[in-house]
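> give me coordinates for this.
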Amino acid sequence: MWEHKTVSNKEMMKTDRMNPSETYVRLMDEVEEAVSNAQVEKFNHEAFLDYLPRTGPWEELPETDMAKSDPRSRYIGPAKAKLLNTNLYLGSTWIEAERFKFERRILTVADFLKQKTIINANMWTPKQLFTTQSFFFCSTGDEDRMGGSFLTGDMPGDNHIFLGKKDGEFAEWETILWGLGHRGVVPDSDPLDKCFYPSLMHRGVSFNNRLGWIRYSPAGFGKDANGFLVTRPHTWIWPAVNGNRDTPTAFNLLVNLPDRRASFGEEGITDVFMTTGKTSMYSLMGMMSSSTVRQMFGAGSEMVPLEFHCVEPGLDEWISRASDEDKYSRLFEVCACLGYILTDPQVGTLGGSSKRRRLLMYASDQGNLLTCVNASQVADHALKSNYEATVFTKLDQADFMNRVTRRFKAYADLVAASDVAKGARWISQADVDGEKMIGPNVHSILAVRGYDIIDMEEYMNSFDDISQAPERLMRRIVQSIANSALKTIYPMDILGESAGSAPFSHIFGAKDDNPLVYYTDIRFLVPTSIDKLRTMTSSRGADRGRMREAYTGLTNADSMTSLSIQDLCLPFLADLGKDSWQTGTGLRESEVIVEVTMAVNPAVVWKSLLDPTTKETFDLPKGHKGTAANLWGDIFINNEALHSKMERDGLSHYLKLLKMAYHWSNDETRKLHKLGK
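Numbers count the residues shown, from 1 in each chain. Model prediction:
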């Protein structure tokens with residue numbers, strides 16, 4: 001059905017043909033050699049400074065007790081490269097062509113990966129040079145826009161997204177590996193359509209970004225409304241990711257599984273980018289059933305949990321745009337999909353440290369999302385490994401980490417079952433086949449995140465104790481960024497402002513201990529040097545008293561327990577001019593990213609997803625009145641053979657979620673509209 005063969009770049013240059021002639025495993029030895037050579041080479045910081053204009057974070061400053069004059073001693077030194085983390089993109093919705101409409105300065109996937117590499121330069125410290133790698137998993141059709149597919153006989157052109165040349169110079173990326181052939185082919189797909197898996201290294205920097213893709217080629221894997229229930233992932237997606245040492249998959253080989261520590265440094269996979277679509281779900285389920293792939297999910301710390309990043313449209317926008325069949329089937333499936341990630345026992349054992357995991361939801365129409373998420377990822381690791389990235393002193397940093405840990409624990413006690421807490425459930429209970437079935441406990445944090453970009457002047461004004469700027473900025477954060485982030489999981493009629501003194505208290509400050517939002521984390525990611533930031537803010541960066549007061553006034557929530565505000569300095573973040581290697585980050589020196597993350601109440605989220613399915617009734621055959629659940633799931637609910645197959649495949653937990661969503665919605669609709677059983 002599928003084979004592990006490929007051709008190396010060297011072989012292709014020699015023969016000019018693309019027929020597989022070397023084994024995949026042998027080739028991986030060569031790739032590993034090339035990558036490890038790059039990692040062994042010491043970072044030449046003298047030569048590197050020639051790439052940078054001596055302005056912004058890199059200018060010489062008068063020596064003070066707070067600032068060193070030489071920028072190299074502030075940020076970099078002869079560091080040794082280390083691969084810090086691996087990002088998985090399950091389904092290519094995160095980087096589809098549509099996405100780039102919302103990005104200001106990124107036009108292609110190549111731009112995005114270049115940006116990711118450059119922004120990761122923020123990880124430089126005098127001792128260590130961190131880098132990252134990305135893997136894309138996509139179904140047929142998606143690979144075309146990622147530059148990964150050619151018909152037999154075609155050669156990559158000069159303008160190919162990765163392999164092409166620009167203006168007669170060398171290509172932006174140096175290809176180490178070209179892979180040929182399908183992964184997970186089924187009958188009826190086109191065997192002549194060959195697929196390339198580049199593994200890339202950025203030029204001129206000792207830093208590399210290995211990257212591969214896995215592509216699925218199922219027949220009839222369309223965007224059909226009930227595709228979750230009729231397609232069978234175990235026949236074609238799972239073999240592509242569910243590998244072991246004896247029969248490694250393309251994915252295992254690309255990440256060099258046998259020695260995870262050598263491949264991943266200490267971390268492993270720390271971020272999974274996905275949607276609630278079929279490609280994402282089936283890939284993740286296949287990975288969960290593979291013990292060797294599970295080993296790669298990394299050891300997050302209290303500061304940096306294992307994160308699933310999920311892109312969804314606003315709930316109301318989706319419902320108003322979609323056709324009836326699609327609308328209700330998607331609501332049920334989104335509910336089951338989020339439930340799977342938040343409650344599945346297999347997912348629950350991933351991640352190191354205290355097994356912290358977080359599912360982050362982003363609005364799909366969020367402007368500049370790729371840029372902001374890249375910057376945010378770097379900020380997470382900078383916080384963990386280098387306190388000098390913040391305006392804190394070391395003592396502030398220790399105090400901050402304590403507060404983060406306490407907040408995580410307090411939130412975990414609210415939502416996740418423990419010795420002292422009952423924990424929130426995903427779908428509280430439903431009557432299944434005459435028996436009361438209790439929903440599964442939530443084990444991961446569910447949060448939403450939104451971004452905005454403000455200019456440096458507006459940011460500086462927010463430190464001014466006698467102006468209205470801190471209040472204005474906080475109102476904008478709560479009124480605009482928070483609401484547009486929350487719209488992915490809550491309907492707009494329970495968001496928005498209310499009349500009275502605290503217009504957002506119904507979202508943040510509910511008295512019944514059941515608010516929509518448990519706590520809010522605001523971070524300012526500032527593209528300047530730490531010395532400048534400390535001087536500009538007169539070291540008051542950690543003091544946000546006025547903004548806290550404004551937050552309390554708007555929300556009626558206790559800002560000491562439910563709000564965290566941080567200023568983080570990321571010196572490489574901005575573009576530093578045409579002559580510099582440091583271009584293509586998508587941000588200017590005068591721009592500050594405001595990142596707002598809100599931990600939300602999962603017990604309210606599942607209800608807001610299923611409630612719209614109870615609003616209407618439908619005509620069924622034979623003159624009966626039915627519910628949205630009947631339209632979506634009757635065929636599935638009565639299919640005992642499929643149920644037992646799902647259980648054999650280890651999907652009994654997912655099956656339970658689908659059944660509960662069906663029965664809860666069906667029963668509620670019948671009660672609401674007074675329909676008989």
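
> residue 375: what's it in contact with?
The neighbours of residue 375, taking CB atoms under 8 Å, 6 or more residues apart in numbering as the test, are 119, 525, 570, 573, 587, 593. For the C-beta atoms, the positions are set from N, CA and C on the backbone; glycine is no exception.

> is it correct that the third one is in contact with residue 527?
It stands for residue 570. Yes - using CB atoms under 8 Å, residue 570 is in contact with residue 527, at 5.9 Å.

> Three-state assignment for residue 522, please.
With DSSP: H, G, I helix; E, B strand; the rest coil as the basis, residue 522 sits in strand.

> mind checking how far the closest residue in space to residue 306 that isn't next to it in sequence is from residue 443?
Using CB to CB, 6 or more residues apart in numbering and skipping the chain neighbours, the partner closest in space to residue 306 is residue 351 (3.8 Å). Applying CB to CB, to the nearest Å, the value for residue 351 to residue 443 is 10 Å.

> what's the overlap in contacts for those two?
Residues touching both residue 351 and residue 443 (CB under 8 Å, 6+ apart): residue 357.

> quick one: the spatially closest residue to residue 237 that is not a sequence neighbour from residue 626, how far?
The spatial neighbour of residue 237 that comes closest, neighbours along the chain excluded (CB to CB, 6+ apart), is residue 282 at 4.3 Å. In this view, residue 282 and residue 626 are 29 Å apart by CB to CB.

> so the two - more neighbours on which side?
More crowded of residue 282 and residue 626, by other CB atoms under 10 Å: residue 282, with 27 against 17.

> that older thread, most neighbours among the contacts of residue 375, which one is it?
Within the contacts of residue 375, most neighbours by other CB under 10 Å means residue 573, with 32 neighbours.

> wait, doesn't that one sit right on residue 582?
No - contact criterion CB under 8 Å: residue 573 and residue 582 do not qualify, at 9.6 Å.

> which helices and strands does the strand or helix carrying residue 239 pack with?
Using DSSP states H and E, residue 239 maps to helix 238-241. Judged by 3 or more CB pairs under 8 Å, 6 or more residues apart in numbering; DSSP states H and E, helix 238-241 is in contact with strand 211-216, helix 250-254, helix 278-288.

> pull out the buried positions in stretch 479-496.
481-491, 495 (16 or more other CB atoms under 10 Å).

> same check on stretch 615-628?
617, 626-628.

> please save the CA atoms from that stretch in CSV.
Output of stretch 615-628 as CSV, limited to C-alpha atoms (Å, rounded to 0.1, in the frame of the first residue of the first chain):
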residue,chain,number,x,y,z
LYS,A,615,-33.8,25.7,18.7
GLU,A,616,-35.6,24.2,15.6
THR,A,617,-37.5,21.1,14.7
PHE,A,618,-37.6,19.3,11.3
ASP,A,619,-39.8,17.2,9.2
LEU,A,620,-38.6,13.6,9.1
PRO,A,621,-39.9,10.8,6.7
LYS,A,622,-43.3,9.3,7.5
GLY,A,623,-44.6,12.7,8.8
HIS,A,624,-42.7,12.6,12.1
LYS,A,625,-41.3,15.7,13.7
GLY,A,626,-37.6,15.4,14.5
THR,A,627,-34.6,17.3,16.0
ALA,A,628,-31.3,18.5,14.6
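
> looking at it now, give me its mean pLDDT.
Averaged across stretch 615-628, pLDDT comes to 86.

> before we move on, the earlier item: now the two most distant members of the buried residues of stretch 479-496.
Maximum pairwise distance in the buried residues of stretch 479-496, criterion CB to CB, is 18.5 Å, between 481 and 491.

> check the gap between residue 329 and residue 337 for me.
Distance, residue 329 to residue 337, by CB to CB: 12 Å.

> ok, residue 553 touching residue 502?
Yes - counting by CB under 8 Å, residue 502 is a contact partner of residue 553 at 6.6 Å.

> thinking again about what came up before, can you list the helices and strands packed on helix 238-241 in a markdown table and add mean pLDDT?
Shown next, in a markdown table, are these (pLDDT from 0 to 100):
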| stretch | mean pLDDT |
| --- | --- |
| strand 211-216 | 73 |
| helix 250-254 | 68 |
| helix 278-288 | 89 |
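
> just name the most buried of those.
Compared across the helices and strands packed on helix 238-241, strand 211-216 shows the largest average neighbour count, a mean of 26 (mean count of other CB atoms under 10 Å).

> excluding covalently adjacent residues, which one is nearest to residue 99?
residue 370 (6.9 Å).

> equivalent analysis for residue 636, please.
Sequence neighbours aside, residue 229 is the residue nearest to residue 636 in space, at 4.5 Å (criterion: CB to CB, 6+ apart).

> are we agreed that the one you found is in a helix?
Yes - assessed with three-state DSSP, residue 229 lies in a helix.

> residue contacts, it?
Contacts of residue 229 by CB under 8 Å, 6+ apart are 633, 635-636, 642, 658.

> distance of it from residue 652?
In this view, residue 229 and residue 652 are 15 Å apart by CB to CB.

> equivalent analysis for residue 428, please.
20 Å.

> same deal with residue 62?
Residue 62 sits 67 Å away from residue 652, taking CB to CB as the criterion.
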